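Engineer: sequence plus predicted model, see below.
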Amino acid sequence: MAKNLLIVESPAKAKTIEGYLGKDFLVKSSYGHIRDLVKGDMGIDTENDFSQTYEVPADKKQVVAELKKLAKQAEMVWLASDEDREGEAISWHLYETLGLKESNTKRIVFHEITKPAILKAIDNPRTIDYNLVNAQQARRVLDRLVGFELSPVLWKKVKPSLSAGRVQSVAVRLIVDREREVNKFNSTAAFKITAQFTTGKGKEIVKAELPQRFEKAADAEKFLQDCINAGFAVSNLEVKPAKRNPAAPFTTSTLQQEASRKLGFSVARTMQIAQRLYESGKITYMRTDSVNLSQTAIDAASAEIRSAWGEKYHQPRVYKTKSAGAQEAHEAIRPTYFNQHSVDGDNSEKRLYDLIWKRAIASQMSEAIFEKTNVNISISTRKEELLAEGEVLKFDGFLKVYLESTDDEDEENEDNNLLPPLTKGQSLILKELAATERFSRPPARYTEASLVKKLEELGIGRPSTYAPTISTVQNRGYVVKEDRDGRKREFISMVLANGNISKVTKSEITGAEKSKLFPTDIGEVVNDFLVEHFKGIVDFNFTAKVEKQFDEIAQGLQEWTKMLHSFYTPFHSEVENTLENADRANGERLLGIDPTTGKNVYAKVGRYGPLVQIGELSDDEDDKPRYASLGKSQSVGTVSLEEALDQFKLPFQLEDYEGKEVSVGVGRFGPYVKWGEAFISIPKNEDPLTVDQARAIEIIGEKVTADAPVAEYEGLPVTKGTGRFGPFIKWNSLFINVPKAYNFDALSANDIKELIEKKIEKENNRYIQQWESEKIAIENGRWGPFIRFGKEMLKLRNNPKTKAKYTAEELSEIPLEDVKKLIVEQLPKAFDVKKKAPAKKKAAAKKK
């Protein structure tokens with residue numbers, strides 16, 4: 001048996017490191033965290049200094065058992081998880097769970113997986129840094145408190161099954177605020193003047209532009225008319241040198257931004273690929289705020305630059321980290337070996353490595369040198385002057401390897417203009433003078449890359465949180481990332497050429513979006529609710545302040561439980577006040593009056609999504625409101641009255657098909673074709689109003705083919721489908737989601753059996769107790785047991801007898817009357833006999 005047990009986080013890393021160490025070392029993986037806060041409860045005692053209750057998940061019990069056994073047999077245990085707060089916490093959890101002793105446990109850290117780095121770490125062990133552990137615990141506890149207490153508020157006041165998080169809510173607010181800026185933006189038109197001249201020598205062209213723009217077409221046209229017989233000459237010429245320095249090597253956020261711009265990778269994908277490159281020893285640690293390179297790395301890069309391009313391309317540089325909250329003393333992200341220009345692996349790994357290698361190498365190269373020329377061109381008939389700018393690259397320096405990209409580069413910016421030799425006083429010959437109508441543009445919507453940049457600028461989140469934050473807001477349905485088509489726009493173009501002015505109206509496509517982040521309707525409603533009732537949670541400065549407090553805890557400058565007390569006391573008070581007093585939120589918006597009925601028309605978010613409503617709630621059974629779902633491309637915030645009324649054209653009837661009635665409509669899960677009693681979803685982005693008889697028959701045929709049984713289980717057919725939440729199989733009235741780990745297109749009999757049996761087990765474990773006739777149940781939920789009362793989901797308070805949380809045994813035996821008392825504590829009028837109150841009538845909208 002090996003004398004030394006070294007534990008890392010991932011099996012890939014373990015395999016790489018084991019090759020560097022001798023037979024005295026056994027390297028094993030913990031597969032990430034081995035324990036977490038209990039799932040059956042909040043897991044935090046807020047009345048006892050936020051003490052936590054941890055559990056080892058079922059899928060980690062075998063890992064823990066094996067590590068315990070190996071740790072007992074080893075003379076020394078080396079904890080080698082990552083060198084950040086999360087990694088430090090993993091080492092602490094291993095120390096606690098495996099029952100390790102300080103006398104034979106050592107903590108080692110490294111930021112690259114190379115033999116010298118591993119051996120150096122073993123020669124320089126340390127103990128667990130409890131400041132880092134406390135900082136991670138503070139973040140974990142704070143986020144659990146927010147999620148556990150805020151989510152039930154959203155269930156009750158907005159919509160069931162919603163959830164909220166601390167950093168995620170701020171990210172959603174940024175996206176909502178930007179969307180509203182875009183929607184409120186009023187574009188203004190102005191005329192841009194551009195000119196092309198010749199010198200009379202060959203085909204040389206001088207391109208110039210008028211610095212100011214004309215707001216009126218008449219003024220732009222007058223400018224062109226004045227220039228018909230004008231003379232043009234160089235009135236001033238200025239030539240000056242310019243330099244451009246390379247960007248610093250990558251941090252986590254700049255890597256995510258640049259991989260998005262240059263490679264089109266999502267933030268999450270970038271981190272997954274970088275993780276693989278790190279674990280296989282190709283790059284340094286990929287979660288870092290630092291732009292620093294070690295002297296060893298600078299020397300290696302310098303040698304490579306001199307060898308490849310010569311001494312004149314070499315310029316060593318030391319970069320300083322700008323981020324005030326930079327965590328640990330990591331290096332920037334760089335190749336472990338600069339002489340390794342490429343790597344083996346899949347195409348995405350090769351491309352990301354190439355980006356990292358070029359950026360790191362370029363950071364140690366010479367500046368690029370340019371010659372910039374500014375030329376003023378006078379107009380004999382006008383006081384204004386045209387301006388021509390040119391740039392000549394004299395020495396490429398770092399540009400030989402790498403050029404940094406930018407977000408939303410101006411589509412009107414052309415490549416740098418090369419100017420022919422010119423002299424002051426030289427006459428120029430006008431080839432063409434154009435006045436083109438241009439429009440001001442709204443602020444750019446966020447991409448994943450620009451959102452990361454904004455979060456970093458605001459001091460919100462840290463390298464380990466950017467990718468999970470952006471994934472979470474999309475997974476929760478608050479934000480979508482998608483492409484959107486532009487719209488056609490006309491503009492005026494006037495051109496002076498050969499002494500004549502032509503004036504035409506042209507068209508262009510504007511406003512097209514590629515991989516941009518848009519808030520959903522429910523995202524906007526939740527955001528507005530949080531802004532109104534939980535200002536601190538979505539306040540940018542407050543969230544940044546919390547991040548700074550985590551940093552101070554990591555540095556040993558603040559006590560973590562005191563920090564949590566200062567947050568939790570006012571937050572918990574806000575939760576209770578909101579539960580008691582806040583109105584339900586649905587984002588209701590009055591659109592106007594239905595001309596047919598004279599009733600108000602509203603857009604709002606309902607239980608099953610965004611909808612439009614004609615009329616008010618009323619006691620009159622014959623005068624109920626009419627509802628229609630909004631289309632996929634419509635939103636509560638922007639839908640017009642006309643568009644809303646179009647939704648009431650559904651459902652409509654088509655001709656019967658194979659003896660069954662056919663109609664087209666919209667339901668809680670979107671547009672559908674109804675064939676007999678079957679509801680068949682219309683494909684995403686297809687307008688249901690365009691579905692005719694032939695298309696309906698196509699959709700029916702596709703569904704019939706898709707619904708053919710693919711297997712049998714216990715004598716009953718199993719079918720496949722794709723629904724609102726992705727691919728599923730259906731068996732015996734059970735709809736069973738198929739996770740991505742399974743190949744949905746090629747499910748085996750064993751796959752189907754496993755999926756069905758897991759679902760049956762889950763359903764059997766759902767209810768702790770159930771009283772169907774009373775519509776009351778105690779269920780196991782994501783955050784632990786809760787009471788379901790009709791459509792309400794209520795928290796379980798402490799057991800009044802023991803003053804502690806209910807145990808599983810107590811919940812399985814609690815009588816109905818006691819459960820009703822718990823319900824009344826939260827809903828005082830829950831069991832009152834309801835008298836039908838007259839519905840409140842809203843004033844009719846005034847016609848404009």
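Structural biologist: Nice, I can see it. Since the structure is predicted, the reported quantities are computational estimates derived from the model, not experimental observations.
Engineer: residues near residue 51, how many?
Structural biologist: Applying other Cβ atoms under 10 Å, we find 12 residues neighbouring residue 51. Just so you know, the C-beta spots here come from the backbone N, C-alpha and C atoms, and that holds for glycine as well.
Engineer: over to residue 750?
Structural biologist: The burial count for residue 750: 8, using other Cβ under 10 Å.
Engineer: quick check: mean pLDDT of the helix or strand in which it is found?
Structural biologist: According to DSSP states H and E, residue 750 maps onto helix 749-764. The pLDDT scores in helix 749-764 average 88.
Engineer: in terms of secondary structure, what does it contact?
Structural biologist: Here helix 749-764 touches strand 711-713, strand 726-731, strand 734-737, going by 3 or more Cβ pairs under 8 Å, 6 or more residues apart in numbering; DSSP states H and E.
Engineer: list the buried residues of the host helix or strand of residue 351.
Structural biologist: Using DSSP H and E, residue 351 falls within helix 347-362. Neighbour counts over helix 347-362 (16 or more other Cβ atoms under 10 Å) mark 348-349, 351-362 as buried.
Engineer: with stretch 3-14 instead?
Structural biologist: Within stretch 3-14, the residues that qualify as buried by neighbour count (16+ other Cβ under 10 Å) are 4, 5, 6, 7, 8, 9, 10, 12, 13, 14.
Engineer: and those residues, which two are furthest apart?
Structural biologist: 4 and 12 (20.3 Å; Cβ to Cβ).
Engineer: tell me the first helix or strand C-terminal of the top helix by length along the chain.
Structural biologist: If you go by DSSP state H, the chain has its longest helix at helix 130-157. Using DSSP H and E, the next helix or strand after helix 130-157 towards the C-terminus is helix 166-184.
Engineer: give me the pLDDT value at the nearest residue to residue 37 once chain neighbours are set aside.
Structural biologist: Excluding its sequence neighbours, the residue lying closest to residue 37 (Cβ to Cβ, 6 or more residues apart in numbering) is residue 43, at 3.5 Å. pLDDT recorded at residue 43 is 90.
Engineer: residue 43: what's it in contact with?
Structural biologist: 37, 52, 53, 54, 144 (Cβ atoms under 8 Å, 6 or more residues apart in numbering).
Engineer: and for residue 240?
Structural biologist: 371, 372.
Engineer: what do you get if the cut-off is 10 Å, keeping everything else the same?
Structural biologist: If a contact means Cβ atoms under 10 Å, 6 or more residues apart in numbering, then residue 240 has 370, 371, 372, 373, 374 as its contacts.
Engineer: gap between the residue lying farthest from the centre of the chain and residue 499?
Structural biologist: Within the chain, the residue lying farthest from the chain centre (Cα atoms, centre = their mean) is residue 229, at 57.1 Å. Relative to residue 499, residue 229 is positioned 8 Å away (Cβ to Cβ, to the nearest Å).
Engineer: just the CA trace of stretch 813-828, in PDB.
Structural biologist: Provided in PDB are the C-alpha atoms of stretch 813-828 (Å, rounded to 0.1, in the frame of the first residue of the first chain):
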ATOM      1  CA  GLU A 813     -47.500  10.900  12.100                       C
ATOM      2  CA  ILE A 814     -48.700  14.500  12.400                       C
ATOM      3  CA  PRO A 815     -52.600  14.600  12.500                       C
ATOM      4  CA  LEU A 816     -54.600  16.600  10.000                       C
ATOM      5  CA  GLU A 817     -55.900  19.000  12.700                       C
ATOM      6  CA  ASP A 818     -52.300  20.000  13.600                       C
ATOM      7  CA  VAL A 819     -51.500  20.500   9.900                       C
ATOM      8  CA  LYS A 820     -54.500  22.800   9.600                       C
ATOM      9  CA  LYS A 821     -53.300  24.800  12.600                       C
ATOM     10  CA  LEU A 822     -49.900  25.300  10.800                       C
ATOM     11  CA  ILE A 823     -51.800  26.400   7.700                       C
ATOM     12  CA  VAL A 824     -53.900  28.900   9.600                       C
ATOM     13  CA  GLU A 825     -50.700  30.400  11.100                       C
ATOM     14  CA  GLN A 826     -49.700  31.500   7.600                       C
ATOM     15  CA  LEU A 827     -53.200  31.800   6.000                       C
ATOM     16  CA  PRO A 828     -55.500  33.000   8.800                       C
END
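Engineer: pLDDT (mean, whole number) over it?
Structural biologist: 89.
Engineer: how far off centre is it?
Structural biologist: 40 Å (Cα atoms, centre = their mean, to the nearest Å).
Engineer: okay, buried residues for it please.
Structural biologist: Applying 16+ other Cβ under 10 Å to stretch 813-828 flags 814, 819, 820, 822, 823, 826 as buried.
Engineer: now the fourth one: which helix or strand?
Structural biologist: To tie it back to what came earlier, the one meant is residue 822. Applying DSSP H and E as the criterion places residue 822 in helix 816-826.
Engineer: and that helix, what does it pack onto?
Structural biologist: Other elements packing on helix 816-826 under the criterion 3 or more Cβ pairs under 10 Å, 6 or more residues apart in numbering; DSSP states H and E are strand 767-771, strand 776-781, strand 784-789, strand 792-794.
Engineer: now the strands for the stretch 1-150 of the chain?
Structural biologist: 4-8, 25-29, 36-37, 44-45, 51-52, 54-55, 76-79, 105-107 (DSSP state E, counting those that start in this stretch).
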